[in-house]
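A.B. asks: what follows is a predicted protein model with its sequence.
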Amino acid sequence: MGSPTDTGGAGTAAASASALEVRGLSVGYGPVRALSGVSLDVPAGAVVAVLGGNGAGKSTLLRAISRTLGYHRGAVTTGSIGYGGRDLGGTSAARVVAAGIVQVPEGRQVFSRMTVADNLRAGALGASGGRQATREALARVHELFPVLADRARQHAGLLSGGEQQMLAMGRALMSAPRLLLLDEPSLGLAPLMAARIAETIQHINSTGTSVLLVEQNAALALRLATTAYVLDVGEVALHGPAAELAASDEVRRRYLGVVDEAAAEDAGRAQTVAPTLSRWTA
Ligand code: ATP
């Protein structure tokens, strides 16, 4: 598997996208160390997945990139994050959005008392384009998620979980991002809806937006991504081409729920032998 600096050649190259480079990133929440020396690349136009169990540091990584750690009382202690050759250190969250990086946080955070249309309008607030750009973005979002046009006047809180996820993604797309940071988009969704969201991510990527996808649903993430990283207690434990990771025993066992066949056979043999032993000792 390659180093974090040779993950190029992935996905649909987009002229407008830039590469994201995370180098030696450490993050703490007061005394709690959440990330230690994490390095990661998102080449222009790629879909890159970050896998890991609860508390591995996945959301923290996205917060560091979107410069929203401060809202969670967290801070970068060492390392750097570069986008398109520019160091994002010291940049405000609003300027990160203006630079084209938009995060869709975990948990479908929509403004539930606002209408669907107003939620989408709110997504355009940080955008650098004018009214025409907003109209075009809205047309694209409605094309991608027709239900958001049908339900435009309803309160967002009345939408189903899957529709709220579409709204959260649609709101992020209103500022025409060049890099989308997605935090567990399939969380809590029925398999069909999760598959629908996966297709949409593929479509968004095919139009030139890079995607950094954090997921506990490793099967879905590894299908979408060209490169993947596994975080374990704040450190990169594995990384490489998604297909290679999907084939690795450790990832299959820990994240894909695939039982190690040899171990399963051993366990099966032990079970058939055990009654014999107990008969002998009885
Ligand atoms: P999950 O999949 O459960 O959302 P995660 O991989 O996204 O987990 P993080 O939420 O980034 O993990 O958490 C990484 C570590 O930082 C954990 O030990 C967590 O308890 C801690 N942590 C996260 N947010 C805060 C916070 N606001 N204050 C203190 N500690 C935090």
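C.D. replies: Done, it's in.
A.B. asks: figure out the helix or strand that residue 143 lives in.
C.D. replies: helix 131-144 (DSSP states H and E).
A.B. asks: for the next helix or strand after that helix, packing partners?
C.D. replies: Reading on from helix 131-144 to the C-terminus, the next helix or strand found by DSSP H and E is helix 146-150. When contacts are defined as 3 or more C-beta pairs under 8 Å, 6 or more residues apart in numbering; DSSP states H and E, helix 146-150 sits against helix 131-144, helix 161-173. The C-beta positions use only the backbone N, C-alpha and C, and glycine is treated the same way.
A.B. asks: deepest-packed of these, please.
C.D. replies: Neighbour counts (mean count of other C-beta atoms under 10 Å) averaged over each of those peak at helix 161-173, with a mean of 23.
A.B. asks: just the angle between that helix and helix 131-144, please?
C.D. replies: 150 degrees (axes from the mean of the first three to the mean of the last three C-alpha atoms, to 10 degrees).
A.B. asks: who's in contact with the helix holding residue 143?
C.D. replies: Contact partners of helix 131-144, identified using C-beta atoms under 8 Å, 6 or more residues apart in numbering, comprise 120-121, 124, 127, 129, 148-149, 170, 173-176, 200, 203-204.
A.B. asks: quick one: it to chain centroid distance?
C.D. replies: 23 Å (C-alpha atoms, centre = their mean, to the nearest Å).
A.B. asks: could you dump that helix to CSV, C-alpha only?
C.D. replies: Extracted in CSV, the C-alpha atoms of helix 131-144 (Å, rounded to 0.1, in the frame of the first residue of the first chain):
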residue,chain,number,x,y,z
ARG,A,131,-27.6,35.3,-7.4
GLN,A,132,-27.3,33.6,-10.8
ALA,A,133,-24.9,31.1,-9.3
THR,A,134,-27.4,30.4,-6.5
ARG,A,135,-30.2,29.9,-9.0
GLU,A,136,-28.0,27.4,-10.9
ALA,A,137,-27.0,25.6,-7.7
LEU,A,138,-30.7,25.3,-6.7
ALA,A,139,-31.6,23.9,-10.1
ARG,A,140,-28.8,21.3,-9.7
VAL,A,141,-29.9,20.4,-6.2
HIS,A,142,-33.5,20.0,-7.3
GLU,A,143,-32.4,17.8,-10.2
LEU,A,144,-30.4,15.6,-7.9
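A.B. asks: for PyMOL, what selects the buried ones among the contacts of helix 131-144?
C.D. replies: Selection command for PyMOL covering only the buried members of the contacts of helix 131-144, criterion 16 or more other C-beta atoms under 10 Å:
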select buried, resi 120+124+127+148+170+173+174+175+176+200+204
